[in-house]
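A.B. asks: My questions concern the predicted model and sequence given below.
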Amino acid sequence: MARPVLWRAGAARKDAAPRLAHLDRDRPLVEAAQADPTQFDALYRRYLAPVYSYAYYELGDHHAAEDATEKTFLAALTNLERFEDRARPADGDGSSTFKVWLFQIARNTIANERRALRRHRTAPLDAAALARDPLDVERDATRRDEAAAAWRAVGKLPDDRRKAVVLRFVDELSTAEIAGVLGRSEGAVRVLIHRALRSVARELEPKPKPIRRGRTER
Amino acid sequence: MTILGREAEVDALVTDAYLEALLAGRPIEVPDPKSPRDAVDAAVRMASARLTRDLPRFHPSFRFEERLALRLAEAAATLRLPAAAGGEADPIPFRISGPGAADPLADLRLLDDDERRPLLIRGAMAASALSLAGAAWVAWRRNRTASARMARAIRAAHARRAPEAG
């Protein structure tokens, strides 16, 4: 649980007055890892699934997602001593600037992977990867169809909207955190997500069945 | 800002508050039909519910997780190495006299827990100093003229026996 503490934010600006900042929920782990890099494992275990999920949604390929995840964590470990916590009160309880920093690395890594993958176009997200219920084949099939439709709708979104939606719904980042990752204002992120949801809703709404113009009965 | 832009921002703000509650699993307030401004669009609600349900979070394979953990541990050990080898440690003046002079661990006991990491260089300095002192003592013993009566007798016996053997 995050708790407010007084600390001097932004060591580079020595003239700045101390301000109230929220204790990053990752801060103890980050400080331990900065003092002793072998302690990085705890941060790695905490963020492996979110980073991997983000990479998988963006790249649509498990191997590419693994590569991006590996590069992200290695870059984070190597540059950890340069990381500086800049949590603001506006970020709210539980906000984590380490998480934002890590996802910024992931975003850049994924962008590079995407450029490389563009040469070998990958298949879209595979709905078969969803968990199946072997005892309920019919329900399972319906669920998978619905999930595939949702994935398709997200896949059709423009890049920035798709990223914002994945970070919000899959990784459950706050609007402030997404703004930090994408380098946009919070207002812009809110509008991106709102418009993305409208687009998804249009894609998902049941389409009226086409009227058959067959022979009329005599 | 145009009126349309302002409206879009307000709608986005209302949607954001709705999502905050939805994703946190908090009960969502039923919108007041008299104030449509606060109500989230039904289409947006439906899309949000679908995405919450249908976009799973993925976890990589256990094998990948452990392989990467190992790789990170190796990288972390490499990052840690310069400090452990004493590269980042400040030299500590070697104490020649004093109560702990004869004890190579005396310096270590004075250190805080945090300062014990660059142990190798400090241990090496103490061990080197002790070795030098030991070498000096042996050299002194060998060159020193013995004054004890017993030592003189042994040296005389040894000198007598040497020509006999030759």
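C.D. replies: Perfect, thanks for sending it.
A.B. asks: only C-alpha atoms for contact and neighbour calcs from this point on.
C.D. replies: Noted.
A.B. asks: Next one: residue A:64 from chain B, what distance?
C.D. replies: 12 Å (CA to the nearest CA, to the nearest Å).
A.B. asks: With adjacent residues omitted, what lies nearest to that residue?
C.D. replies: Closest residue to residue A:64 apart from its sequence neighbours, by CA to CA, 6 or more residues apart in numbering or on different chains: residue A:113 at 7.2 Å.
A.B. asks: quick one: which helix or strand includes that neighbour?
C.D. replies: Assigned by DSSP states H and E, residue A:113 belongs to helix A:97-117.
A.B. asks: so where's chain A uncertain?
C.D. replies: A:1-24, A:86-96, A:119-140, A:209-218 (pLDDT under 70).
A.B. asks: Apply 80 and report the result again.
C.D. replies: Along chain A, segments meeting pLDDT under 80 span A:1-24, A:84-96, A:117-144, A:206-218.
A.B. asks: CA atoms only: put the helix or strand hosting residue B:152 into CSV for me.
C.D. replies: Applying DSSP H and E as the criterion places residue B:152 in helix B:149-165. Extracted as CSV, the C-alpha positions of helix B:149-165 are listed here (Å, rounded to 0.1, in the frame of the first residue of the first chain):
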residue,chain,number,x,y,z
ARG,B,149,74.2,-19.5,25.8
MET,B,150,72.4,-22.5,24.4
ALA,B,151,72.4,-21.0,20.9
ARG,B,152,76.1,-20.3,21.1
ALA,B,153,76.8,-23.9,22.1
ILE,B,154,74.7,-25.3,19.2
ARG,B,155,76.4,-23.0,16.7
ALA,B,156,79.9,-24.1,18.0
ALA,B,157,78.9,-27.8,17.8
HIS,B,158,77.6,-27.3,14.3
ALA,B,159,80.9,-25.5,13.2
ARG,B,160,83.0,-28.4,14.6
ARG,B,161,80.9,-31.0,12.8
ALA,B,162,81.1,-29.3,9.4
PRO,B,163,84.9,-29.8,8.7
GLU,B,164,84.6,-33.4,9.9
ALA,B,165,81.9,-34.1,7.4
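A.B. asks: just to revisit the earlier point, surely the residue nearest to residue A:64 touches residue A:70?
C.D. replies: No. The criterion here is CA atoms under 8 Å, and residue A:113 misses it with residue A:70 at 11.9 Å.
A.B. asks: Could you pull out the residues contacting both of the two?
C.D. replies: Shared contacts of residue A:113 and residue A:70 (CA atoms under 8 Å, 6 or more residues apart in numbering or on different chains): none.
A.B. asks: Looking at these two, which is more packed in?
C.D. replies: residue A:70 (24 against 18; other CA atoms under 10 Å in any protein chain shown).
A.B. asks: buried residues in the helix or strand containing residue B:53?
C.D. replies: Assigned by DSSP H and E, residue B:53 belongs to helix B:42-54. Across helix B:42-54, burial judged by 16 or more other CA atoms under 10 Å in any protein chain shown covers B:43-48, B:50-52, B:54.
A.B. asks: got those residues as TSV, with pLDDT and distance to residue A:43 columns?
C.D. replies: Below are the buried residues of helix B:42-54 laid out as TSV (pLDDT from 0 to 100; distance: CA to CA, whole Å):
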residue	pLDDT	distance to residue A:43
B:43	88	38
B:44	88	35
B:45	89	34
B:46	90	35
B:47	91	33
B:48	91	30
B:50	90	31
B:51	91	27
B:52	89	25
B:54	87	27
